[in-house]
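>>> only geometry, no sequence info:
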């Protein structure tokens, strides 16, 4: 049962253009969403997050959009740079009535930015 | 160091042997997570420790897997009687609290022959 889905395993864009990575979730209890970036042989690193009380959060070249009615979020990177080439993981968490609040990750999208 | 430290970075073992993977979280972080990434798969949640609360073990795939966290700091993930399907990168992460950003280690790559 995949609660967080990234349906595109890979994406290729030209340097300077916009990269759009998509993520869908099924659990309506999720109220906090994050994007992590992973280079080969390294652990994932936090990129940007959004709470369910917002529909947009921007940090430099990175913007995350949340559509709660569609249970969909997306990460926009503009302009894309070759150094952005990595695997991007979407993650979600929610209040389950207790202190535990584990992050559920998607399967990742490999972004390749072509010079 | 200032980051999450995991050891060993690589482990090759024979089917049926037990393995232990260690995680040193960032000092002061109360939450500690174990995930694993199998080839071509996403990050699969295994277990979560938060302060003195009972750990959330809901992601452990079988009773061959166990984890403990001593003194609220170092954690050890133990896999007994390893199977080939246990081969994966095991990632540890810590956060300041249950809502904090997760900081990941570089992972321990386990290969079961």
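Perfect, thanks for sending it. These figures come from a predicted structure and were not determined experimentally. Numbering: from 1, shown residues only, chains lettered A, B, ... in the order given.
>>> helix, strand, or coil at the closest residue to chain B within chain A?
For chain A and chain B, the shortest gap (C-beta to the nearest C-beta) falls at residue A:43, measuring 3.1 Å. In short, each C-beta sits where N, CA and C put it, glycine included. When classified by DSSP: H, G, I helix; E, B strand; the rest coil, residue A:43 comes out as coil.
>>> correct me, but it touches residue B:9?
No - the pair residue A:43 and residue B:9 fails to qualify as a contact (C-beta atoms under 8 Å) at a distance of 11.3 Å.
>>> give me the common contacts of these two.
Common contact partners of residue A:43 and residue B:9 (C-beta atoms under 8 Å, 6 or more residues apart in numbering or on different chains): B:106, B:107.
>>> compare those two and say which is more crowded by neighbours.
Between residue A:43 and residue B:9, residue A:43 has the larger neighbour count (other C-beta atoms under 10 Å in any protein chain shown), namely 21 against 13.
>>> give me the pLDDT for the more buried one.
The model reports residue A:43 with a pLDDT of 91.
>>> quick check: closest non-adjacent residue to it.
Excluding its sequence neighbours, the residue lying closest to residue A:43 (C-beta to C-beta, 6 or more residues apart in numbering or on different chains) is residue B:104, at 3.1 Å.
>>> then residue A:52?
residue A:31 (4.1 Å).
>>> who's in contact with that neighbour?
By C-beta under 8 Å, 6+ apart, the contact set of residue A:31 is A:51, A:52, A:93, A:94, A:95.
>>> that one: which element?
Take DSSP states H and E as the rule and residue A:31 turns out to sit in strand A:30-38.
>>> which of the helices and strands in chain B ranks last by mean pLDDT?
Lowest mean confidence among the helices and strands of chain B (mean pLDDT, DSSP states H and E): strand B:43-50, at a mean of 90.
>>> flag every buried residue along it.
Buried residues in strand B:43-50, counted by 16 or more other C-beta atoms under 10 Å in any protein chain shown: B:43, B:44, B:45, B:46, B:47, B:48, B:49, B:50.
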